[in-house]
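Trainee: Have a look; sequence and predicted model below, questions after that.
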2 protein chains.
Amino acid sequence: MVAQDKATDALSFAKALADETRQQIMQLCCCQWLSVNEIVSHLQVTQPTVSHHLAILREAGLVEIRAHGKHTFYRLNQEKIASCCGMLMARFAPQQNHSDKPSTEA
Amino acid sequence: MVAQDKATDALSFAKALADETRQQIMQLCCCQWLSVNEIVSHLQVTQPTVSHHLAILREAGLVEIRAHGKHTFYRLNQEKIASCCGMLMARFAPQQNHSDKPSTEA
DNA sequence: TTGACATATAGACAAATATCGATATAATAC
DNA sequence: GTATTATATCGATATTTGTCTATATGTCAA
């Protein structure tokens, strides 16, 4: 597995999060394994749409997958979420001094 | 100032981050005040495009603004970034036990 | 006031994407 | 085997969004 650079990680993480339906899916399968149909039954979109969003979350590494007979179970990858949030903070909210005024102040 | 609900915050934060040009802008004005033209000079897009992205970052509360004569200076709001990242983690990566197997396991 | 400069806004257009219905794939049940 | 169920993929479409040019707004200098 080749590590992506930080910028790519930050972008793909943000893009994966940037949809309301995907955030709803993430809320649903946070802390529990759910099959695709179980997820569909909680939302107002069709099964293909849910599969599409799950594919995006999967490619971003934000969900774990487990096949079990006819069913495929998904669960949110909370560790990945935590590490991506930490990466975002390190990238955009470093804890260091910053000036309080524009440098070109009169 | 009316507080948005968590879901709205999480979505607008993610959407604001979900563009490469905006992330470049955020990198540039992290820890320093920059005028719009200074930002433009570092990027490969036009001034109106930068203004457009700054408006999106502004609406999400991710940048601070300071007018100074003809110039308008922007700086990344690192505290907001940190709080939004914390909110995302609380929402999608709560530190609690979760089962290791699908509940419907045979 | 006029002109130059800095930024924002408006409108058009193209690219990306969220959604759907239809269908393919795969596993189980009969 | 066929039928049924669960999920993924395909192709079309509508919406969103990023970008541009043109222009408006606002500030400063002469």
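Mentor: Thanks, I have the structure now. Being a predicted model, the structure only gives us computed values, none of them experimental.
Trainee: Give the buried residues for stretch A:64-74.
Mentor: A:64, A:72-74 (16 or more other Cβ atoms under 10 Å in any protein chain shown). Bear in mind the C-beta positions are built from the backbone N, C-alpha and C, glycine included.
Trainee: Report whether that stretch contacts chain B.
Mentor: Yes: counting by Cβ under 8 Å from any Cβ of the partner chain, contacts between stretch A:64-74 and chain B involve A:66, A:68-69, A:71, A:73.
Trainee: Just to check, residue A:87 is in contact with residue A:9?
Mentor: Yes: between residue A:87 and residue A:9 there is a contact at 6.2 Å, judged by Cβ atoms under 8 Å.
Trainee: For these two, indicate the residue with more neighbours.
Mentor: residue A:9 (18 against 15; other Cβ atoms under 10 Å in any protein chain shown).
Trainee: show me the residues around that one that make contact.
Mentor: A:84, A:87 (Cβ atoms under 8 Å, 6 or more residues apart in numbering or on different chains).
Trainee: Which secondary structure state is assigned to it?
Mentor: Secondary structure, DSSP: H, G, I helix; E, B strand; the rest coil: residue A:9 is helix.
Trainee: Same check on the one 5 residues further on?
Mentor: In the three-state summary, residue A:14 is assigned as helix, counting by three-state DSSP.
Trainee: who's in contact with it?
Mentor: So residue A:14 contacts A:88, B:14, B:17-18, B:23 (Cβ under 8 Å, 6+ apart).
Trainee: can you check residue A:45 too?
Mentor: Counted by Cβ under 8 Å, 6+ apart, residue A:45 has contacts residue A:21.
Trainee: what's the answer for residue A:86, then?
Mentor: Residue A:86 neighbours (Cβ under 8 Å, 6+ apart): residue B:85.
Trainee: how about the longest helix along chain A: buried residues?
Mentor: For chain A, the helix reaching the highest residue count under DSSP state H is reported as helix A:78-92. Across helix A:78-92, burial judged by 16+ other Cβ under 10 Å covers A:78, A:80-82, A:84-85, A:88-89, A:91-92.
Trainee: go on, stretch A:17-24?
Mentor: So stretch A:17-24, judged by 16+ other Cβ under 10 Å, has buried residues A:17-19, A:22-24.
Trainee: Is any residue of that stretch near DNA strand D?
Mentor: No: using Cβ under 7 Å from any atom of the strand, stretch A:17-24 never reaches DNA strand D; the gap is at least 7.5 Å.
Trainee: what does that stretch contact?
Mentor: So stretch A:17-24 is contacted by A:16, A:26, A:42-43, A:45, A:49-50, A:53, A:56-57, B:7, B:10-11, B:14-15, B:17-18, B:88 (Cβ under 8 Å, 6+ apart).
Trainee: mind redoing it with 10 Å?
Mentor: Residues outside stretch A:17-24 that contact it (Cβ atoms under 10 Å, 6 or more residues apart in numbering or on different chains) are A:15-16, A:25-26, A:39, A:42-45, A:49-50, A:52-54, A:56-57, A:60, A:62-63, A:81, A:84, B:7-8, B:10-19, B:88, B:91-92.
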